[in-house]
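Peer 1: With the input below, show me the fold.
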Amino acid sequence: QVQLVESGGGLVQPGDSLRLSCVGSGFPLNDYAIGWFRQAPGKEREGVSCISSRGIHTVYADSVKGRFTISRDNAKNTVYLQMNSLKPEDTANYYCAARPRFTYVAWTGIRDYDYWGQGTQVTVSS
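Peer 2: Numbers count the residues shown, from 1 in each chain. This is a model prediction of the structure:
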């Protein structure tokens, strides 16, 4: 059974940090690029970041550049999203997803991702 399971979300104050984790099972996660997406109420799902299968290449949305860092530990079948200097506008449900190939172009295309997790909620509020 293919699964992607996110964890690490929570309620934090502006300026705080969180680290999200995405654990994969049931498929060769090490062969896939992994993306992080987020969706706030009433808004479309948007791409946050993506990392290539070996972790060599990464790409970020402009809104999170310099604050978020994506990484992976293939020995643990886990991809991370370190989120620093969090802002209220970062509040959303965060999802990880797997796609066969990494690309710098159109990496936010939802249809190109084969597997999705169920999401973890991040709320940034004072």
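
Peer 1: For the rest of this, base every contact and every neighbour count on C-alpha atoms.
Peer 2: Will do.

Peer 1: Give the helix, strand or coil label for residue 103.
Peer 2: Secondary structure for residue 103, judged by DSSP: H, G, I helix; E, B strand; the rest coil, is coil.

Peer 1: Same question for residue 56.
Peer 2: coil.

Peer 1: From residue 73, how far off is it?
Peer 2: Distance from residue 56 to residue 73, counting by C-alpha to C-alpha, to the nearest Å: 12 Å.

Peer 1: and if you look at residue 120?
Peer 2: To residue 73, residue 120 is 20 Å away according to C-alpha to C-alpha.

Peer 1: Comparing residue 56 and residue 73, which shows the higher neighbour count?
Peer 2: Higher neighbour count among residue 56 and residue 73: residue 73, with 13 against 9, using other C-alpha atoms under 10 Å.

Peer 1: pretty sure the more buried one is touching residue 79, no?
Peer 2: Yes - assessed by C-alpha atoms under 8 Å, residue 73 is found in contact with residue 79 at 6.3 Å.

Peer 1: Next up, the contacts around the closest residue to residue 24 other than its chain neighbours.
Peer 2: Take residue 24 and drop its neighbours on the chain: the residue closest to it by C-alpha to C-alpha, 6 or more residues apart in numbering is residue 4, 4.5 Å away. Residue 4 makes contact with 22-25, 96-97, 115-118, according to C-alpha atoms under 8 Å, 6 or more residues apart in numbering.

Peer 1: Among those, find the lowest-pLDDT one for me.
Peer 2: Least confident of those in the model: residue 25, at 93.

Peer 1: That one: neighbouring residues, count only.
Peer 2: Residue 25: 13 surrounding residues under other C-alpha under 10 Å.

Peer 1: same deal with residue 114?
Peer 2: 11.

Peer 1: Next, the contact list for the residue nearest the centre of the chain, please.
Peer 2: The chain has residue 36 as the residue nearest its centroid, 2.1 Å off, counting by C-alpha atoms, centre = their mean. Contacts for residue 36 (C-alpha under 8 Å, 6+ apart) come out as 47-50, 81, 94-97.

Peer 1: Now it: closest residue in space that isn't a chain neighbour?
Peer 2: residue 96 (4.5 Å).
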